[in-house]
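J.: only geometry, no sequence info:
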């Protein structure tokens with residue numbers, strides 16, 4: 001099983017096992033990618049999270065140790081409810097599901113895209129997210 005297959009499986013499970021959520025998860029990831037693009041890339045989003053008091057969590061996702069969890073409320077406080085509303089509208093799901101889904105997805109995605117404990121060039125992160133989205137949409 002490839003790294004992207006493993007990551008796709010983890011992302012699929014991050015919102016729960018309710019029927020019909022696979023398409024929503026793909027839509028959620030697509031909405032996240034739009035948000036990341038608008039924010040200036042993955043490093044800019046991670047910097048915003050760090051500035052919002054989540055530096056320890058973000059560094060744990062990038063590092064090689066265990067990932068620290070974040071809550072949907074922490075994510076909403078850091079990114080703002082407007083961002084989550086936009087993602088929810090794009091994904092066609094409830095904003096509360098967006099915050100909890102992102103709280104489950106984001107640590108896994110960043111961890112998998114930084115396997116050596118270093119942030120790769122933003123272009124590589126974007127390529128990884130694009131490949132992941134393709135796997136989820138298939």
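T.: Arrived safely. Since the structure is predicted, the reported quantities are computational estimates derived from the model, not experimental observations. Numbering: from 1, shown residues only.
J.: helices and strands of the protein: which one bottoms out on pLDDT?
T.: Lowest mean confidence among the helices and strands of the chain (mean pLDDT, DSSP states H and E): helix 3-14, at a mean of 52.
J.: all strands of this protein, in order?
T.: For the chain, no strands are identified by DSSP state E.
J.: where does it dip in pLDDT?
T.: Scanning the chain for pLDDT under 70 picks out 1-25, 120-138.
J.: hmm, 50 instead?
T.: For the chain, the stretches flagged by pLDDT under 50 are 1-4, 14-15, 17, 19.
J.: and residue 73, how many residues sit next to it?
T.: 11 (other CB atoms under 10 Å). C-beta here means a position set from N, CA and C on the backbone, and glycine is covered the same way.
J.: do the same with residue 84
T.: Neighbours around residue 84, by other CB under 10 Å: 21.
J.: quick one: contacts for it?
T.: Taking CB atoms under 8 Å, 6 or more residues apart in numbering as the criterion, residue 84 is in contact with 75, 76, 95, 98, 99, 102.
J.: against residue 112, how distant is it?
T.: Going from residue 84 to residue 112 by CB to CB, to the nearest Å gives 23 Å.
J.: likewise residue 118?
T.: Taking CB to CB, one finds residue 118 at 13 Å from residue 112.
J.: again, but for residue 98
T.: From residue 98 to residue 112 the distance is 20 Å (CB to CB).
J.: which one's more surrounded, the two?
T.: Ranked by neighbour count (other CB under 10 Å), residue 98 and residue 112 place residue 98 first, with 29 against 18.
J.: residues contacting the more buried one?
T.: Residue 98 sits in contact with 28, 31, 84, 87, 88, 91, where contact means CB under 8 Å, 6+ apart.
J.: how about those in TSV, adding distance to residue 37?
T.: Output for these, formatted as TSV (distance: CB to CB, whole Å):
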residue	distance to residue 37
28	15
31	11
84	16
87	12
88	17
91	15
